[in-house]
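K.L.:
Have a look; sequence and predicted model below, questions after that.
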Number of protein chains: 2
Amino acid sequence: MEVRIVAPLTIKPEFVEEVTPALLAIVAASREELGCLQYDLHREIGSTNSFVFYERWRSEAAIDQHESSAHFQHFVSQLDGKLDKIEIKKMKVFA
Amino acid sequence: MEVRIVAPLTIKPEFVEEVTPALLAIVAASREELGCLQYDLHREIGSTNSFVFYERWRSEAAIDQHESSAHFQHFVSQLDGKLDKIEIKKMKVFA
């Protein structure tokens, strides 16, 4: 059963430029995963450091695989200490 | 240029059942709009009252038209006083 993720994150302004390559890399690598149906990164209009990931995965197992992947672990380490806020909501489609 | 919206909302628990028809109705009506590319409603796993709208619109003008539509205005009135929290993020695709 498909599982979706919305993850708003606020990057410390002084690190936005530095982490941008990591943001682009995780999008590219995640889209290559078999379990990934959609993996989009958005920036809030009028903001330079407010971003939102929107992801669709084939199953919970696909998410587990993603989260234990080398590229995701690397991404997490690259963001360490550089975020003001991050929230990860796992969701099912309601309508 | 496509504009996307993520809108997390938390409904007061005692009103979830009462507003569910309104949630379903706004999804159906919004998907009929010419400017609407995607209009999905999600419920957070493990929650009964935490929802997230994820929307894709052809343009800012399409959003303006949506927000001034009778069905959206009606929806807003149906939620009045029944939410703990709502946040609307207008976004552009970053990657």
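P.N.:
Perfect, I can see it now.
K.L.:
contacting residues around stretch A:78-92?
P.N.:
Stretch A:78-92 is contacted by residues A:1-12, A:15, A:18-19, A:22, A:49, A:63, B:8, B:42-45, B:50, B:52 when judged by CB atoms under 8 Å, 6 or more residues apart in numbering or on different chains. All C-beta spots, glycine's among them, are computed from the backbone N, C-alpha and C.
K.L.:
Which entries within the residues you listed meet the buried criterion?
P.N.:
Buried by 16 or more other CB atoms under 10 Å in any protein chain shown: A:3-11, A:15, A:19, A:22, A:49, A:63, B:8, B:42-44, B:50, B:52, out of the contacts of stretch A:78-92.
K.L.:
Just those residues: which are in helices?
P.N.:
A:19, A:22, A:63 (DSSP state H).
K.L.:
Now do the same contact list for the first one.
P.N.:
It stands for residue A:19. Applying CB under 8 Å, 6+ apart, the residues contacting residue A:19 are A:11, A:78, A:79, A:82.
K.L.:
Tell me which helix or strand the second one sits in.
P.N.:
Following DSSP states H and E, the helix or strand that holds residue A:78 is helix A:70-79.
K.L.:
From chain B, how far off is the residue nearest to the spatial centre of chain A?
P.N.:
By CA atoms, centre = their mean, chain A has its centre lying nearest to residue A:53, at 4.6 Å. Per CB to the nearest CB, to the nearest Å, residue A:53 is found 10 Å from chain B.
K.L.:
any idea how far that residue is from residue B:47?
P.N.:
Taking CB to CB, to the nearest Å as the measure, residue A:53 falls 19 Å from residue B:47.
K.L.:
Residue A:88 too?
P.N.:
Counting by CB to CB, the gap from residue A:88 to residue B:47 is 13 Å.
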